[in-house]
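> this one's sequence-less:
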């Protein structure tokens, strides 16, 4: 089960950290970008190549320190097919290095479109006598606010010989999430209604670690929400974004974990991959390592992974 894979990697490294690969031109070191442009011209190919090299360097540097990586599809999609190609390369490379690999698309749609996405990401594409997997990953972040029609097509892929897992957006980390997700309807807060659905979608899809293959995205924008959700949903695995650049802190992230330090992974993106901008004279892989070690130390003040 993919959720068991994630939890076991966290326990092995004693590190509940996921790095988010969200590259933008501003986050690429100027010398790396210049090198790619010298080789490929001032073109989408050059920018995509810089993304691939940059993310590959981050993956190489952190492979023995952190267990998991999240690839943000939107950053690569923005470059067209060249960016998608680079993203595919990074997904495959992260898998090769042994990371738990999560692809963030935030996509969901009506049933037949969701089925297409589920098959392309999890089921593969038949080509001749082979089955190709254009987006190799262990899990996918989806938006469940269209309801069950957009989620059910993924569920068959969460069991079997090579089970995958989903993370459904329950309480996002952006500041305006409260405009919708904290509204009360029918006596329930909207984001708890989504958490109820997420738990329902996990029926019969629980790993040996005790957590469901359908996890919940619970952002660090509200410490009270994290505490309440963990208390009420003790079998939902939490993906916790919003650490670092978005203002999330270790004390609040700790509320996502159970008493054994299990059941959650905390994701940071810009504060890790962009750390080179704050550490003059340090190359970007070395800066990323320093940022992760700092984050790990901060989390260890509140969370002990057993």
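Yep, it's here. Computed from a predicted structure; not experimentally measured.
> the helices in the chain, which residues?
Under the criterion DSSP state H, the chain contains helices at 2-13, 30-40, 44-62, 73-77, 81-97, 111-118, 178-181, 190-201, 223-232, 250-253, 270-273, 284-300.
> got the contact list for the third one?
The contact list for helix 44-62, computed with C-beta atoms under 8 Å, 6 or more residues apart in numbering, reads 19, 21, 23, 25, 27-29, 32-33, 35-37, 39-40, 69, 71, 75-76, 79-80, 82-83, 85-86, 89-90, 93-94, 97, 99, 272-273, 284-286, 288-289, 292. C-betas here are computed from N, CA, C, even on glycine.
> same question, the first one
With contact meaning C-beta under 8 Å, 6+ apart, helix 2-13 is reached by 16, 64-68, 99-100, 138-139, 158, 163-165, 207-209, 211-213, 215, 237, 262-263, 265, 305-306.
> Quick check: pLDDT value at residue 111.
Per-residue pLDDT puts residue 111 at 69.
> change the start of the numbering to 498 and stick with it
OK, 498 is where the count begins now, so the last one is residue 608.
> related to what we said a few turns ago, relative to residue 627, which of the helices of the chain is closest?
helix 578-594 (15.2 Å; C-beta to C-beta).
> List the buried residues for the closest one?
The neighbour-count check on helix 578-594 (16 or more other C-beta atoms under 10 Å) flags 579-592 as buried.
> which helices and strands sit right next to it?
Helices and strands touching helix 578-594, as assessed by 3 or more C-beta pairs under 8 Å, 6 or more residues apart in numbering; DSSP states H and E, comprise helix 541-559, strand 565-569, helix 570-574, strand 597-601.
> hmm, who's touching it?
Against helix 578-594 from outside (C-beta under 8 Å, 6+ apart): 518, 541-542, 544-546, 548-549, 552-553, 556-557, 560, 566, 568, 570, 572-574, 576, 598, 600, 631-635.
> now that helix against strand 565-569, angle please.
Using axes from the mean of the first three to the mean of the last three C-alpha atoms, to 10 degrees, the inter-axis angle of helix 578-594 relative to strand 565-569 is 170 degrees.
> Off-centre distance for helix 578-594?
Helix 578-594 sits 15 Å away from the centroid of its parent chain (C-alpha atoms, centre = their mean, to the nearest Å).
> again with stretch 755-766
12 Å.
> about what we covered before: from the buried residues of helix 578-594, which single one is nearest residue 651?
Nearest to residue 651 out of these is residue 588 (C-beta to C-beta; 17.4 Å).
> Now that closest one: closest residue in space that isn't a chain neighbour?
Nearest residue to residue 588 in three dimensions, chain neighbours excluded: residue 633, at 5.0 Å (C-beta to C-beta, 6 or more residues apart in numbering).
> for that neighbour, phi and psi?
phi -70, psi 120 (degrees, to the nearest 10).
> what residue lies at the spatial centre of the protein?
With distances taken as C-alpha atoms, centre = their mean, residue 567 lies nearest the centre of the chain, 3.5 Å away.
> In this structure that one contacts residue 599, no?
Yes. Between residue 567 and residue 599 there is a contact under C-beta atoms under 8 Å: 4.4 Å.
> Need the overlap of contacts for these two.
Taking C-beta under 8 Å, 6+ apart as the criterion, residue 567 and residue 599 both touch 515, 638, 736.
> Number of residues surrounding the first one?
Residues lying near residue 515 (other C-beta atoms under 10 Å) number 26.
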